[in-house]
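Visitor: Predicted model, plus sequence, below.
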Amino acid sequence: MSHVFESQTLLDIHVSYKVLPADPEHDLPQQVDITDAYVLVHGPRAKKPRKVHVLGALDESAIINLEDEIQETLS
């Protein structure tokens, strides 16, 4: 018999992003655009860690929070 347990955990993720310049003509500030997010998985016999892409698993709210966090480090 199989069971399912749902939970949450914190993972260290690596985020790739581009900085989009401000566009005064359209009244847009500088923006951060996340292009990739992945977790490094270290296998017991692997010589180097494997990248597991997680960007598609993040909801829009999580992506916006990451963009805001990155933007704060740029200021």
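Guide: Received the coordinates, thanks.

Visitor: Which residue ranges of the chain form strands?
Guide: 14-20, 31-41, 50-53 (DSSP state E).

Visitor: ok now stretch 20-36, how far from the chain's centre?
Guide: 18 Å (CA atoms, centre = their mean, to the nearest Å).

Visitor: Stretch 41-59 too?
Guide: In terms of CA atoms, centre = their mean, the centre of stretch 41-59 is set 13 Å apart from its chain centre.

Visitor: again, but for stretch 61-74
Guide: Relative to its chain's centre, stretch 61-74 lies at 9 Å (CA atoms, centre = their mean).

Visitor: what do you get for stretch 46-64?
Guide: In terms of CA atoms, centre = their mean, the centre of stretch 46-64 is found 6 Å from the chain centre.

Visitor: Any chance of a markdown table for the strands of the chain, columns distance to V4, mean neighbour count and mean pLDDT?
Guide: For glycine as for every other residue, the C-beta is placed from the backbone atoms N, C-alpha and C. Converted to a markdown table, the strands of the chain look like this (distance: least, CB to CB, whole Å; neighbours: other CB atoms under 10 Å; pLDDT from 0 to 100):
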| stretch | distance to V4 | mean neighbour count | mean pLDDT |
| --- | --- | --- | --- |
| strand 14-20 | 29 | 13 | 97 |
| strand 31-41 | 21 | 14 | 96 |
| strand 50-53 | 21 | 12 | 96 |
